[in-house]
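Student: Predicted model and sequence follow; I will ask about them next.
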Amino acid sequence: MPRPLKTESVVLRSIRYGEADRILHLYTPHLGRLGAIAKGVRRSRSRFGARLEPFFHVSVVLHEGSGELATVTGADTVAANAELRNHAETLDAAARACDAVARLFETPEPHPEVFRLLVSELTLLNEWEGHARPANGLAFRLKLLLAAGIVPQLGACASCGARDHLHGFSAAAGGVVCSSCQGSGFPLEEESYRFMVSALGAPLAEAPDASERALRQAERAIVEQAEHHAHVRLRPLQPFAGVSPSSRPVRVARAAVRIDANG
Ligand SMILES: [Zn+2]
């Protein structure tokens, strides 16, 4: 009988299953993304308590089963990230961050740097008192593209190698493109270009600010790059800069339901 395995993990999704169980999508440092079942977790006396909900950073004990799912036999909380659940904006941003990881890294291939990045992102969202920064969300996605090996080329035209007049972006070419090669892409302003360069070079907590227009362009570049090179459709950031819905309890309830229905 295989030995139990203990690993840190972040709960990406938690799907109701049967009468009292949950199927979990976990992201781990050394086993990548894996599926597990937590039996009896929805009973009020479950020893797991609420620990296996999305965005929990937990240390789990897993037993390999005969099927695709491992069985969770123990779970200790490393970080509950409870504060981010109290606000629609950070709850939504956390759900989208987990979704981006799940879509870009869906295999057991280990990416410990992605695990650390996700833990940092959830920690930040938990500390920001209900406000998610779009610049941070985009910096997170750029760093995911880097880890996936499909980060946009930013140093020179991805089509001809020119180093000047980089005024466009083409996912087909693989990054920024110069004025002569721009036919295959869309216009990318200087501010968006600078944002992407600085966001990649800065720690997640220090993602540079930029105008909404610049961030929208950067988002388009990131989404198209992931679609073209990983065949993954990343969900756009929402809400973008602007009105915070965090003071409206109705929105909180709706967001929570949606995540539950989703998984
Ligand atoms: Zn060119």
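Tutor: That came through, no problem.

Student: what ranges do the strands span in the stretch 101-250 of the chain?
Tutor: Assigned by DSSP state E, counting those that start in this stretch, the strands in the stretch 101-250 of the chain fall at 166-170, 175-178, 186-187.

Student: so which of the ones you listed comes closest to the ion?
Tutor: Nearest of the strands of the stretch 101-250 of the chain to the ion, taken as C-beta to the ion: strand 175-178 at 3.5 Å. Heads up, the C-betas are built off the backbone N, CA and C, glycines and all.

Student: And the contacts of the closest one?
Tutor: Identification of contacts with strand 175-178 by C-beta atoms under 8 Å, 6 or more residues apart in numbering yields 152-154, 156-160, 162, 164-170, 184-185, 188, 193, 225.

Student: Near the ion, which residues of the chain? Just list them.
Tutor: Residues of the chain lying close to the ion by C-beta under 5 Å from the ion are Cys157, Ser159, Cys160, Ala162, Cys178, Cys181.

Student: Compare these and tell me which is most surrounded.
Tutor: For those, counting by other C-beta atoms under 10 Å, the largest number of neighbours falls to Cys157: 24 neighbours.

Student: If I look at that one, what pLDDT would I see?
Tutor: Here the pLDDT value assigned to Cys157 is 97.

Student: Contacts only, for it.
Tutor: Residues counted as contacts of Cys157 (C-beta under 8 Å, 6+ apart) are Arg163, Leu166, Ala173, Val176, Val177, Cys178, Cys181.

Student: neighbours of the first one, just the number please.
Tutor: Counted with other C-beta under 10 Å, the burial measure for Arg163 works out to 9 neighbours.

Student: Show me the shaky parts of the stretch 101-250 of the chain.
Tutor: Along the stretch 101-250 of the chain, the parts satisfying pLDDT under 70 run over 239-250.

Student: Can you show me the helices along it?
Tutor: In the stretch 101-250 of the chain, the helices defined using DSSP state H, counting those that start in this stretch lie at 112-127, 134-147, 190-201, 212-230, 249-262.

Student: Which SSE is immediately downstream of whichever strand in the chain runs longest?
Tutor: Taking DSSP state E as the criterion, the chain has its longest strand at strand 5-17. Using DSSP states H and E, the next helix or strand after strand 5-17 towards the C-terminus is strand 21-28.

Student: Can you list the strands that the helix or strand just after that next one pairs with?
Tutor: Helices and strands here follow DSSP H and E; after strand 21-28, the next one along the chain is strand 32-38. Applying DSSP bridges to the sheet, strand 32-38 is found paired with strand 21-28 (antiparallel), strand 70-79 (parallel).
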